[in-house]
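Student: got a structure for you, letters missing:
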């Protein structure tokens, strides 16, 4: 079946502009995650959704970052007033849920490479 | 101390040899452990998951877990040039185990 999809695959934006990144999880997966991968920082957790709610936003780097999920499916990560340090690959992952807990295996999408100039 | 540490690479092995990758973690209560493969310019791909002490084999891959030593490893047997990639170790902590902590990765190069 189809995997996690993300769009756009690449985004170049000017410092100070807002950007929206989109993630469409694997069909039937109710848990969704955003990560960021940058040189020197590795892969870092940003936010986790269970259905449409985000019980854990602890990884969001600043209040310029926000995310939402609607219909228990597509999620959007928004970065306002982008800064050069926001340049990274933003990865989305999804997993199934068993009961109230996500099943542990997370599957990643292809990522969005964000470059802030 | 980093939460997840991997042996520094790059690791170069001849085709057909065994590649051995190591990972240690700091959260003693961690319950879930994963190996992801990441080709250059691509996203991580899940190749192994392990939850109990001992070995788990899947094709040419074997994951080994020792919770007492807080150590997890990945063996790649009969290494192929297509195995050349960066391998990421990920650990799910005791609390909020969805919140994976990733190691920095070990880059493996298989020489033909």
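Tutor: Looks like it arrived, so ask away. Since this is a predicted model, take the numbers as computed values, not measurements.
Student: neighbours of the residue lying closest to residue B:27 once chain neighbours are set aside, just the number please.
Tutor: Leaving aside its chain neighbours, residue B:27 sits nearest to residue B:93 (4.7 Å; criterion: CB to CB, 6 or more residues apart in numbering or on different chains). Using the backbone N, CA and C atoms, a C-beta is placed for each residue, glycine as well. Close neighbours of residue B:93, defined as other CB atoms under 10 Å in any protein chain shown, add up to 19.
Student: What of residue B:83?
Tutor: Neighbours of residue B:83 under the rule other CB under 10 Å: 18.
Student: So in terms of bridging, what pairs with the residue nearest to it when sequence neighbours are not counted?
Tutor: Setting aside the residues directly before and after it, residue B:83 is nearest to residue B:110 in space (CB to CB, 6+ apart), at 5.2 Å. Per DSSP bridges, the residues bridged to residue B:110 are residue B:13.
Student: Can you give me the pLDDT of residue B:110?
Tutor: As predicted, residue B:110 sits at a pLDDT of 97.
Student: In contact with it, which residues?
Tutor: By CB atoms under 8 Å, 6 or more residues apart in numbering or on different chains, the contact set of residue B:110 is B:12-15, B:19, B:79-84.
Student: Which ChimeraX command selects the buried ones in the residues you listed?
Tutor: Typed into ChimeraX, the line below selects the buried ones among those, using 16 or more other CB atoms under 10 Å in any protein chain shown:
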select /B:13,19,79,83,84
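Student: What is the most widely separated pair among the contacts of residue B:110?
Tutor: For those, the farthest-apart pair by CB to CB is B:12 and B:82; their separation is 15.3 Å.
Student: Return the residues of chain B in contact with chain A.
Tutor: Taking CB under 8 Å from any CB of the partner chain as the contact definition, chain B meets chain A at B:32, B:34, B:36, B:42-46, B:49, B:51, B:88, B:92, B:96-105.
Student: repeat that for 10 Å
Tutor: With the criterion set to CB under 10 Å from any CB of the partner chain, chain B comes near chain A through B:2, B:4, B:31-34, B:36, B:38, B:41-46, B:49, B:51, B:88, B:90, B:92, B:96-105.
Student: just to revisit the earlier point, the residue nearest to residue B:27 contacts residue A:104, doesn't it?
Tutor: No. Using CB atoms under 10 Å, residue B:93 makes no contact with residue A:104, being 11.5 Å away.
Student: shared neighbours of these two, which are they?
Tutor: Listed contacts common to residue B:93 and residue A:104 are B:31-32, B:100; contacts here mean CB atoms under 10 Å, 6 or more residues apart in numbering or on different chains.
Student: now, which of those residues sits nearest chain A?
Tutor: Distances from chain A to the shared contacts of residue B:93 and residue A:104, taken as CB to the nearest CB, are shortest for residue B:32 (4.5 Å).
Student: Quick check: that closest one touching residue B:67?
Tutor: No. Using CB under 10 Å, residue B:32 is not in contact with residue B:67; the gap is 11.3 Å.
Student: Pick out whichever of the two has more residues nearby.
Tutor: Neighbour count, other CB under 10 Å: between residue B:32 and residue B:67, residue B:32 has more, with 19 against 16.
Student: which residues touch that one?
Tutor: Contacts of residue B:32 (CB under 10 Å, 6+ apart): A:103-106, B:49-51, B:90-94, B:97-98, B:100.
Student: got a list of what the residue nearest to it when sequence neighbours are not counted touches?
Tutor: Closest residue to residue B:32 apart from its sequence neighbours, by CB to CB, 6+ apart: residue B:92 at 3.5 Å. Residues in contact with residue B:92 (CB under 10 Å, 6+ apart) are A:102, A:104, A:106, B:25, B:27, B:30-34, B:49, B:51, B:98-101.
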